[in-house]
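In: Here is the input, now give the coordinates:
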Amino acid sequence: MNSARLSGLDARALAALGASRDALRRHSPDAAIDAARSAAQIAPDHPEVLRCLALALSAAGPSEEAVRLIARAIELAPDDAILANAHALVLQANARTNEAIAALHRAHRLAPHSAEIAGNLARLLAAGGAVGAAVAVLERVIAGQPRHRPTRVMLAELLLRLPGRASDSIANLRELVQANPDDAWAWSALAEIEQTRFGGADIAQLERLSRSLQAGFEARVHAAFALARAREQADDCRGAFAEYANANAAMHRRQHWNADEFSQAVSRNLAALQVPRPAADPNLGTGVVFIVGLPRSGSSLIEQILASHPGVCAGGERTEVRSLIAEESARCRVDFAEWAAQAAAEDWQRLGMDYLQRVAPMRGAAPVFTDKLPGNWVWLGAAMNMLPGARVIECRRQRLETAWACYRRLFSGGGQDFSYDFRSIARFFDDCERSMQHWRRLYPTRIRSQHYEALIADFEGQVRELLGFCALDFDPACLAFHRNERAVGTISASQVREPLRPDTARTALYGALLDPLRSALGIPPFTESA
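Out: Numbering: from 1, shown residues only. Down below sits the predicted model:
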């Protein structure tokens, strides 16, 4: 911490601020708040004290007090880039995204060479769909700091979202692994890009890294998944399967996925919403289309098709439904299943209006807005009650292909902890299926099951039906979805840049090696004629 920022604080205040920062690093926001309040009692109008207390409050959730405190700090030190950066973080925690972006632009102007501030600005711009602007910010930083790895990592991720920039992303990642052959994350990112081609030297390096005890757990696992992709690309399916099996077993031991607990939570959610609830406004949410389903079942493709229509704003992977449920649970001080069972029409309407307000800046005047978060099938009953005018597209794909696609993927940031074990995958799939059966029974006209295989068999016919379900006229641009130049923020970005291919199935290549997965899913074993 710059000593000038702490000028005017006595030893007691400095100790309290240090304790607050330590508590935040331990992810203990309550302790951080208590320590920061102690500092505020000593120096209530010091900018650094106000900043620390505002950040501690924001770590615990949305806080209007935090917004007031950081605004006061800005008044006291208007030219402080660190305060402007903290201002943005507090505003973002309170879902005031546009104001947060403005604060970060201001911070970036005050400290144009700060990679941290530039990264925060780029991350928020990209989250709002302005990926090109985010890339420009990062490229300016790299021009002055070409070896700054975190910036290059983020740039590689964002380049992949833009049409025609996959080769630039690959080149950026290749520079990272050339500078550091042990950069396991860069190898892993390369493996996720369809256009990447691995050579013998790459495989040798990945073999060494995946077996290096000095590399650490995460590096070994990233390298092992990348090595599996490289072997698969070299038509060595037996070798690829062995690498996938070892890497997934290691992840499964680390993640401790509890299938029983998850199934019980799903059951409680279903029990809480056994019948459709009367709506205060049955049209609330008209034009909102939720896209849900299992991971790797084609949700990015469906959104890309819809996004190619001029009447659609593609929202990407949204977290508003989940956030609203968490906030309401905190407000009611009970779990979702408990308050959902008692919620009145006015409660659901309040939550629905809050959702619409949060997405309004991005949606603009678009008649249709897509909210694509596959895992929202867990909360679909809540979404249907919040927005009785909304519709749902359930993405479905052949179970074995979907399961194997999950198993082949090292999911970043967690959230798919079920995917590293065959039996856990099967249990998760069963929970999704029984949930969707429940919601389809309750809302038969509001949910469309979109099968990936049907899309391949009759592309134009299925697209016409899909658009009709969303109350949209047919537009031929939807058939050329791969030419859509919108930024795509998912791991499927490179795939949706290509025309629909009928040859994406992979499980037949592995033959009987996948029989344990088939058994877990209740599918007959492999035969040569299968």
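In: Isn't residue 254 up against residue 220?
Out: No: judged on Cβ atoms under 8 Å, residue 254 makes no contact with residue 220 at a distance of 11.3 Å. (C-beta placed from N, C-alpha, C; glycine too.)
In: Can you pull out the residues in contact with whichever helix in the chain runs longest?
Out: In terms of residue count, the longest helix belonging to the chain (DSSP state H) is helix 422-442. Residues from elsewhere that reach helix 422-442, judged by Cβ atoms under 8 Å, 6 or more residues apart in numbering: 252, 257, 259, 262-263, 266, 269-270, 273, 275-276, 293-294, 377-378, 380-381, 384, 392, 394, 399, 402-403, 406-407, 418-419, 447, 449, 516-517, 519-522.
In: Select only the buried ones of those residues in ChimeraX?
Out: Of these, the buried ones can be selected in ChimeraX as follows, counting by 16 or more other Cβ atoms under 10 Å:
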select :252,257,259,262,266,269,270,273,293,294,377,378,380,381,384,392,394,399,402,403,406,407,418,419,447,517,520,521
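In: Give me the pLDDT value at the residue lying closest to residue 305 once chain neighbours are set aside.
Out: If the residues on either side of it in the chain are set aside, residue 305 comes closest to residue 481, at 4.6 Å by Cβ to Cβ, 6 or more residues apart in numbering. Looking at residue 481, its pLDDT reads 86.
In: Give me the number of neighbouring residues for residue 481.
Out: 24 (other Cβ atoms under 10 Å).
In: so it touches residue 303, yeah?
Out: No: the pair residue 481 / residue 303 is not scored as a contact, 9.4 Å apart, by Cβ under 8 Å.
In: Of all residues in this structure, which one is nearest the centre?
Out: In the chain, the centroid-proximal residue (Cα atoms, centre = their mean) is residue 317; its distance is 6.0 Å.
In: any idea what that residue is structurally, helix, strand or coil?
Out: The assignment at residue 317 comes out as coil when based on DSSP: H, G, I helix; E, B strand; the rest coil.
In: Adjust the sequence numbering to begin at 15 for everything that follows.
Out: Sure, I'll start counting at 15 from here, so that last one is residue 331.
In: What would the helix or strand bottoming out on mean pLDDT in the chain look like as CSV? C-alpha coordinates only.
Out: Every helix and strand in the chain was compared by mean pLDDT, DSSP states H and E; the lowest is helix 163-173, with a mean of 89. Extracted in CSV, the C-alpha atoms of helix 163-173 (Å, rounded to 0.1, in the frame of the first residue of the first chain):
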residue,chain,number,x,y,z
ARG,A,163,0.8,-12.1,-18.6
PRO,A,164,-2.6,-11.5,-17.0
THR,A,165,-3.4,-8.9,-19.7
ARG,A,166,-2.3,-11.3,-22.5
VAL,A,167,-4.4,-14.1,-21.0
MET,A,168,-7.5,-11.9,-20.9
LEU,A,169,-6.8,-10.7,-24.4
ALA,A,170,-6.5,-14.2,-25.7
GLU,A,171,-9.9,-15.1,-24.2
LEU,A,172,-11.6,-12.0,-25.6
LEU,A,173,-10.1,-12.3,-29.1
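In: And whatever helix or strand comes next after it, what does it pack against?
Out: Toward the C-terminal end, the helix or strand that comes next after helix 163-173 (DSSP states H and E) is helix 180-193. Contact partners of helix 180-193 among helices and strands, from 3 or more Cβ pairs under 8 Å, 6 or more residues apart in numbering; DSSP states H and E: helix 163-173, helix 198-205.
In: The same query, at a cut-off of 10 Å, please.
Out: Packing partners of helix 180-193 (3 or more Cβ pairs under 10 Å, 6 or more residues apart in numbering; DSSP states H and E): helix 163-173, helix 198-205, helix 214-224.
In: Show the average pLDDT along it.
Out: Rounded mean pLDDT across helix 180-193 is 92.
In: Kindly report the same for stretch 53-68.
Out: pLDDT averaged over stretch 53-68 gives 94.
In: how long is it from one end to the other?
Out: 12 Å (Cα to Cα, to the nearest Å).
In: Pull out the buried residues from that stretch.
Out: Within stretch 53-68, the residues scored as buried using 16+ other Cβ under 10 Å are 53-54, 56-57, 60-68.
In: Mind putting the residues you listed into a markdown table with distance to residue 522?
Out: Shown next, in a markdown table, are those (distance: Cβ to Cβ, whole Å):
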| residue | distance to residue 522 |
| --- | --- |
| 53 | 64 |
| 54 | 65 |
| 56 | 69 |
| 57 | 68 |
| 60 | 67 |
| 61 | 63 |
| 62 | 62 |
| 63 | 64 |
| 64 | 62 |
| 65 | 58 |
| 66 | 58 |
| 67 | 59 |
| 68 | 56 |
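In: Tell me which two in those residues are the farthest apart.
Out: Farthest-apart pair in those is 56 and 68; separation 16.6 Å (Cβ to Cβ).
In: Let me see the contact set for residue 279.
Out: 272, 349, 350, 351, 392, 445 (Cβ atoms under 10 Å, 6 or more residues apart in numbering).
In: Could you dump the residues you listed into CSV with pLDDT added?
Out: Shown next, in CSV, are those (pLDDT from 0 to 100):
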residue, pLDDT
272, 93
349, 94
350, 96
351, 95
392, 96
445, 98
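In: which of those residues are buried?
Out: For the contacts of residue 279, buried by 16+ other Cβ under 10 Å: 350, 351, 392, 445.
In: Could you pull up the residues touching the first one?
Out: Right, the one you point to is residue 350. Contact analysis of residue 350 by Cβ under 10 Å, 6+ apart lists 279, 282-283, 286-287, 339-340, 342-343, 357, 392-393, 395-396.
In: My guess is residue 253 contacts residue 247. True?
Out: No: assessed by Cβ atoms under 10 Å, residue 253 is found out of contact with residue 247, at 11.1 Å.
In: If we ignore the residues flanking it in sequence, what's nearest residue 121?
Out: Residue 121 sits nearest to residue 98 (Cβ to Cβ, 6+ apart), 3.6 Å away.
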